[in-house]
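Asks: Would you be able to build a 3D model of this:
(one chain, ligands or ions: 3)
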Amino acid sequence: MHIHFRTGPMLINVLPFTSIAFQGAVPFGNTFVTEADDVVRYRREILVHAHKGFNPIMSIMLVNKTTPEIVEESFLAGARVLKWIPGGTSTNSKDGVSLLDMKKYYPVFAKAESLGMIVSVHWEAILNFASGKEIPMLYREEAAIQFFVQLATDFPGLKIVAEHITTKEMVKTVEILYGMGCNVAATITSHHPVLTYSDVCDADGNVINPLNYCLPIAKLDQDRLAIRKAMVSGKPYNFYGGDSAPHPIFWKSLKLLKGKSPRAGIFSAPVEIPQQLETFEKEGALDKFEDFHSVFGPQFYGIPLSQETLTVKKETWRVPYEYEGIPIFRGGEELSWQIA
Ligand code: DOR
Ligand code: ZN
Ligand code: ZN
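Replies: Ligands and ions are numbered 1, 2, ... in the order given. So this is what the prediction gives:
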């Protein structure tokens, strides 16, 4: 329920390869899909390169110019999701609406609610709004929770997905809001349940392993454990959203150049299913995998369940380091499951 195919040559490279095991996906266009025309164009581009029958659930990005009219036109053009990456939070998010401006966009959220659209949010706050100081990456998701609670309680009927959750506080927040009757859910990637901050950064906060670097950044072990528990919980508000985000090796290597940071984003699509199966198996919860992976997400989105099946086998394989110059998550390591 969350993937980046990009556009142009990158899409041509990764889309056929990363969509093959899926009947559909929610491809996020970041800043280049913001209105109805973009939705039509991007959908067409995806369908040209995907396998027959592949169903992309289209989105637009909430940007400063977004109005209720744009939301409605985009819905009529096929968009079902309004994606919000607060400005400056992550890759390609510079035109995103700031968390502080959330209330200005209430008419936009009201329109999304009335159309039954999903609001899909990258919950991270970069600035401490009282002091104006930058918040360290480890605490940015937690700092955004107050905005999530405000939005969900002001719009209890609005379907809100907290994307790629990374903290025990966020796991709890989704659980509580859901318990209060809010229409909320969370997606969980394949990589956050197996990474912690020390797999990405050194003690001074420098990225030492760019290939494990994504935003929100992996947190502490207690957070990782809470996410794993949520993943195998069998609760319908926790479901799969891989957030596979391909970047060419050059952009992932930028920390090697002085003063630059590598691009955030992990190209995980080639390993997501085996990686998740490993996690479910280690948690003794393989019976919960299908609901998490293929049922709860489509149910929340209100789309038909896939009638196709996918066969996996327990057989060890070594993940290639890269695909067409894009480093792959877990490259060079062994995984114990594979797609048959
Ligand atoms: O690490 C990330 N990469 N997080 C995001 O939210 C965006 C993504 C990307 O597009 O590369
Ligand atoms: Zn995101
Ligand atoms: Zn994403």
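
Asks: doesn't residue 40 fall inside a helix?
Replies: Yes - the assignment for residue 40 is a helix, going by DSSP: H, G, I helix; E, B strand; the rest coil.

Asks: Tell me who's in contact with it.
Replies: Residues counted as contacts of residue 40 (CB atoms under 8 Å, 6 or more residues apart in numbering) are 77, 78. (Each C-beta comes from the backbone N, C-alpha and C, glycine too.)

Asks: burial of residue 53, as a residue count?
Replies: 9 (other CB atoms under 10 Å).

Asks: Now it: closest residue in space, sequence neighbours ignored.
Replies: residue 23 (6.9 Å; CB to CB, 6 or more residues apart in numbering).

Asks: ok, the one you found touching residue 56?
Replies: No - if you go by CB atoms under 8 Å, residue 23 and residue 56 don't touch, sitting 10.7 Å apart.

Asks: Comparing the two, which residue is more hemmed in?
Replies: residue 56 (20 against 17).

Asks: you'd agree the more buried one is up against residue 28?
Replies: No - here residue 56 does not reach residue 28: they are 10.6 Å apart, not a contact under CB under 8 Å.

Asks: what residue lies at the spatial centre of the chain?
Replies: residue 243 (3.8 Å; CA atoms, centre = their mean).

Asks: what sits against that residue?
Replies: Contacts of residue 243 (CB under 8 Å, 6+ apart): 2, 3, 4, 163, 164, 187, 189, 214, 266, 268.

Asks: how does it look with 10 Å?
Replies: 1-4, 28, 122, 163-164, 187-192, 214-216, 265-266, 268-269, 272 (CB atoms under 10 Å, 6 or more residues apart in numbering).

Asks: In strands, which of those residues fall?
Replies: Applying DSSP state E to those, the entries found in strands are 187, 188.

Asks: Which members of the contacts of residue 243 additionally contact ligand 1?
Replies: 4, 122, 214, 215, 265 (CB under 6 Å from any ligand atom).

Asks: Where does this structure get nearest to ligand 1, which residue?
Replies: residue 265 (2.9 Å; CB to the nearest ligand atom).

Asks: Does that residue touch residue 215 like I think?
Replies: Yes - contact criterion CB atoms under 10 Å: residue 265 and residue 215 qualify, at 7.9 Å.

Asks: before we move on, back to that, from residue 319, how far off is the residue nearest to residue 53?
Replies: Look at residue 23 and residue 319: by CB to CB, to the nearest Å, they are 24 Å apart.

Asks: For residue 19, grab phi and psi.
Replies: phi -100, psi -10 (degrees, to the nearest 10).

Asks: got the contact list for it?
Replies: 3, 5, 25, 27, 46, 49, 50, 51, 54, 56, 269.

Asks: rerun that using 7 Å as the cut-off
Replies: Applying CB atoms under 7 Å, 6 or more residues apart in numbering to residue 19 gives the contacts 25, 50, 51, 54.

Asks: can you tell me how far it sits from residue 47?
Replies: 11 Å.

Asks: mind listing the helices in the protein by residue range?
Replies: 8-19, 36-49, 68-76, 106-115, 140-154, 168-179, 221-231, 249-252, 272-282, 289-290, 296-301 (DSSP state H).

Asks: mind putting the ones you listed in CSV, mean pLDDT included?
Replies: What follows is the helices of the chain, written out as CSV (pLDDT from 0 to 100):
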stretch, mean pLDDT
helix 8-19, 92
helix 36-49, 97
helix 68-76, 98
helix 106-115, 98
helix 140-154, 97
helix 168-179, 98
helix 221-231, 98
helix 249-252, 85
helix 272-282, 97
helix 289-290, 98
helix 296-301, 98
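
Asks: Of all these, which one comes closest to residue 126?
Replies: Closest of the helices of the chain to residue 126 is helix 140-154, at 6.3 Å (criterion: CB to CB).

Asks: Just list what the closest one packs against, helices and strands only.
Replies: Judged by 3 or more CB pairs under 7 Å, 6 or more residues apart in numbering; DSSP states H and E, the packing partners of helix 140-154 are strand 159-162, helix 168-179.

Asks: where does the stretch 151-300 of the chain come near ligand 1, residue by residue?
Replies: Residues of the stretch 151-300 of the chain lying near ligand 1 by CB under 6 Å from any ligand atom: 214, 215, 245, 264, 265.

Asks: Make a markdown table out of these and add pLDDT.
Replies: Shown next, in a markdown table, are those (pLDDT from 0 to 100):
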| residue | pLDDT |
| --- | --- |
| 214 | 96 |
| 215 | 95 |
| 245 | 96 |
| 264 | 93 |
| 265 | 96 |
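
Asks: Find the pair from those residues with maximum spatial separation.
Replies: Going by CB to CB, the pair spanning these furthest: 215 and 245, at 9.2 Å.

Asks: follow-up on the earlier one: any idea how far the residue nearest to the centre of the chain lies from residue 1?
Replies: Here the criterion is CB to CB. By it, residue 243 lies 10 Å from residue 1.
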